[in-house]
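Asks: Let me see the structure of the following:
(one chain, ligands or ions: 2)
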Amino acid sequence: PPTSFAEHLKRLGQSTEAGRKMVVVTRRPEVEESRLLLPIVTEEQPIVETILLNTVVVICGETGSGKTTQVPQFLFEAGFGSPDSDNPGMIGITQPRRVAAMSMASRVAQELSLPSSRVSYQIRYDATVSPSTSIKFMTDGVLLRELASDFLLSKYSVLIIDEAHERSMNTDILIGVLSRVVKLRESLWREPLRIVIMSATLRISDFVENPTLFATPPPVIKVPARQHPVTVHFNRRTLSDYVGEAIRKASKIHARLPPGGILIFLTGQNEISGVCRRLEERYGAQSLAERRKRRKGTQVGLDAQRFFRNDGDHDTVVDFEAEEMDLGGGSGDDLAFDVEDGLKDEKDVDMDALDTDDEAQGEDQALVPMHILPLYSLLPTEKQMKVFEPSPAGTRLVVVATNVAETSLTIPGIRYVIDCGRAKERRYNLADGIQSFQISWISKASAAQRAGRAGRTGPGHCYRLYSSAVFENYFEQFSQPEILRVPIEGVVLQMKCMHIDSVANFPFPTPPDRQSLRQAEKMLTYLGALETPSITTSCNAAGGAVTDVGRTMSLFPLSPRFSKMLVSSRDPFLREEALGVEERSGGDEDLAHISGEKVQSEESSKLRRREYFRSQQCHASLGNSTSDLFRMLSVVGAYEYAGGGRSFCTEHFVMPKAMEEIHKLRAQISDIVRAHFPDADAGFTPKIPPPQDFQLRVLRQLITSCFVDQVAVRKDLVEKDSATGVQRTTAKRVAYRALGVSEDVYIHPSSVLATTSPPEYVVYHEVVRTSQVWLKGLTLINPAWLPALGKSLCTFSKPFKNKAGDMMATPKFGPDGWELPPVRADNQQ
Ligand code: ADP
Ligand code: MG
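Replies: Ligands and ions are numbered 1, 2, ... in the order given. Sure thing, here's the model as predicted:
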């Protein structure tokens, strides 16, 4: 057998060159040491060999086995990404989450002792990429966009599609497109493109045994897991208050079980912040120290009393003891937070038992403090990275996370996992576009992943806050691919721009629902991004080809409606304004967070009701009460006028990270505008001048043209007999009819239009179901605009003469035929 890897490569005939040109890297000794513990490192040889001999390879390995950090390094050492090698193109690695793209790039750079200009990342708002980049981490969305302008991906020699098991929509589509790009590169270029699909689970049949994707199944390399046993404990009961239960479990583990980090999975930022705060109050270094000091003080006082009352008044002594017990249990504080969270009834015996246990252990053996860290995607990057730093000596690490920690990031030193079994998911009803954020059960596969996090460093324990019956009866085997759950107009447009005209025939790992495909094409046609399909094409459901407008729209990293808004704003001033409005758009994972209320600071959710309303007023006062999008615009405008900064954010109840991202996004979009619109002005002005009234009106028309299929009208206007209570002074209780939604809908209380008298016609950005169906992101419109802006949705009556002798026609809008004000007949063309 070959004695070295290089020798092995030399014996491989075809890849001798690669063997000779291997890149020598220097790693610091401690890096080398920790690398050698990763199971994937022993597989370096077969992995590189298989990749060199095949264009498509699948690698499966447990989370934490070293796939993301090591495979790029293997390839780098084998010569990929080095200018003078056989494979000079970059090594690209895609991630579904940008947290992972950024942190993995910095980790790999660190391991290779290379600067961030060599091992770089690119996400939507930010990049460290340079001409000398060899390894590039990026989100899957970034690579999809690159495909639209460079279908051969000529900059890359190998692409690693990471976390394929998550089945994010972008990843699925990338795999479909890349299966074709590989063939093209083979026939058009000397240098082949290699694809590595990496998965943390063995559920890969959608990729491997899928003849429409790969005619011959690609080889699969399984990295042996070095997983320690994890004991799974189910709760006997499934409490609905899983947040309180998580705190109780963490307290118990902390008090009773040997050292080792605790990882708690919850569903969202608010829950996470709450749990962190409460654990900090109980077990943070500072509060423990204070409590101990108070306890000690009492003890001294007690002794003094005893000393002075030598003759003994037992009653008094008993009283003092009672007081001491109170302090020990910290019941004063606990009561306060229990009442606040409605937890008082739930405060169970276990917690009391814990407190007395704690007491019984005596002060010498008192608890070590907890080192508590939150982890979720909107958390500032430097705070996210804290989970990788060693926790202070003499503390126990406690990480409270969303499912970011499920597979993308491996947190070192975790021995106990507390799994609430739920995750927050955005769901769309494909029929009417109503979306809801639902907290629903995770899949059995996800539960197994979460449990696995406890077995990285040694045997571990996973506490599931649900019963085994719930697990058996309600958990799906695997979670559904994203493409089956979300609207797909953005990717349909991108695919059309890649000349994939018949999206229905695209080699999807899992094909999307036909109906959502048709809906996406319909919407893109309304927006003018696709040609109106001719009779023949609409029969075979191929849809129209992309128009020039559509192609320009695809240049922007925004959802189609918002790119349309940019493309249609010819006036440079308007474009600047539109840039401000953009940021409400939803698209990839991260964008969704920037929508309206999310921009409000995390703190604002904790504020008292009155302060919340003050924040609402504050945002409203910055703008104008005709559109929620203007509120966004004014917040952005005010932020930029103030020159950014955290104090502005605190004062105006907005999240600093969201604002910084919006600012970067604006600059980026502005660059695109400048590059592609020769008539554009100097481009990005960091300060938007406050718009004037006529400009706001034009802007509203612009918004209308991009949301023309999302019109809602006050119910009493279309259903004459309906008693919708227009007499009320505010709009939020008045029922509306929305195009394509069969139920009554209402204006969301957070809208600026909820406080005005009920408007007649609005366009909306989102329909959200909570207790009832709400319209969000509203803009007041004049129905007279609809015949011009939404011509394809209008039918016109026979022309008639009005009193002045003009030829008029009455347009009806939408399939329900809402009657609009008459327009001049010669206008209708
Ligand atoms: P996989 O992709 O197979 O899940 P990774 O390559 O992400 O595995 O992780 C391998 C190891 O590297 C893990 O033990 C993880 O804790 C460690 N690691 C990853 N990123 C960092 C970092 N920024 N700092 C310290 N350790 C890290
Ligand atoms: Mg990974």
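
Asks: give me the number of residues near the closest residue to ligand 1 within the stretch 151-300 of the chain?
Replies: When distances are taken as Cβ to the nearest ligand atom, the stretch 151-300 of the chain reaches nearest to ligand 1 at Ala200, 6.3 Å away. Yep, even glycine has a C-beta here, placed from its N, CA and C like the rest. Neighbour count of Ala200, defined by other Cβ atoms under 10 Å: 24.

Asks: my read: it touches Glu163, true?
Replies: Yes. With contact defined as Cβ atoms under 8 Å, Ala200 and Glu163 form a contacting pair (7.0 Å).

Asks: got any residues that touch both of the two?
Replies: Residues within reach of Ala200 and of Glu163 at once, by Cβ atoms under 8 Å, 6 or more residues apart in numbering, are Thr407.

Asks: how about the helices in the stretch 451-600 of the chain?
Replies: Applying DSSP state H, counting those that start in this stretch to the stretch 451-600 of the chain gives helices spanning 468-474, 489-497, 514-526, 535-539, 548-553, 560-568, 572-582, 596-599.

Asks: Could you give the residue of the stretch 451-600 of the chain that lies closest to ligand 1?
Replies: For the stretch 451-600 of the chain, Cβ to the nearest ligand atom, closest residue to ligand 1: Arg456, 6.3 Å.

Asks: for the nearest residue to that residue once chain neighbours are set aside, helix, strand, or coil?
Replies: Nearest non-adjacent residue to Arg456, counting by Cβ to Cβ, 6 or more residues apart in numbering: Gly64, 5.0 Å away. Of the three states, Gly64 takes coil under DSSP: H, G, I helix; E, B strand; the rest coil.

Asks: so Gly64 sits right up against Ile411, yeah?
Replies: No. Gly64 is not in contact with Ile411 according to Cβ under 8 Å; the separation is 9.2 Å.

Asks: shared neighbours of the two, anything?
Replies: Joint contacts of Gly64 and Ile411 (Cβ under 8 Å, 6+ apart) are Arg453.

Asks: neighbour count winner among these two?
Replies: Neighbour count, other Cβ under 10 Å: between Gly64 and Ile411, Gly64 has more, with 25 against 18.

Asks: contacting residues around the more buried one?
Replies: If you count contacts by Cβ under 8 Å, 6+ apart, then Gly64 has 410, 452-453, 456 around it.

Asks: ok, which pair from these is furthest apart?
Replies: Across the contacts of Gly64, no pair lies farther apart than Thr410 and Gly452, at 9.9 Å, counting by Cβ to Cβ.

Asks: that older thread, now, which of the contacts of Gly64 sits nearest Leu778?
Replies: Among those, and counting by Cβ to Cβ, the member closest to Leu778 is Arg453, at 42.3 Å.

Asks: Any buried residues in stretch 247-260, and which?
Replies: 247-254, 260 (16 or more other Cβ atoms under 10 Å).

Asks: Look at Lys386 and tell me its secondary structure.
Replies: helix.

Asks: if I look at it, how far off is Ala225?
Replies: The gap separating Lys386 from Ala225 is 27 Å, by Cβ to Cβ, to the nearest Å.

Asks: cool, Ile781 as well?
Replies: Counting by Cβ to Cβ - Ile781 and Ala225 are separated by 58 Å.

Asks: Neighbour count for the two, which is higher?
Replies: Between Ile781 and Ala225, counted using other Cβ under 10 Å, Ile781 has the larger neighbour count: 25 against 15.

Asks: Go ahead and confirm that one touches Tyr764.
Replies: No. Using Cβ under 8 Å, Ile781 makes no contact with Tyr764, being 10.3 Å away.

Asks: Where does the stretch 101-250 of the chain get nearest to ligand 1, residue-wise?
Replies: Arg107 (3.8 Å).

Asks: dump the residue contacts of that residue.
Replies: Contacts of Arg107 by Cβ under 8 Å, 6+ apart are 69, 388.

Asks: and this protein, which residues reach ligand 1?
Replies: With Cβ under 6 Å from any ligand atom as the criterion, the chain comes near ligand 1 at residues 38, 61, 63-70, 103, 107, 388, 410, 412.

Asks: Swap in 8 Å and give it another go.
Replies: 34, 37-38, 40, 61-70, 103-104, 106-107, 110, 162, 198, 200, 223, 385, 388, 407-412, 456 (Cβ under 8 Å from any ligand atom).

Asks: Right, I'll leave it there.
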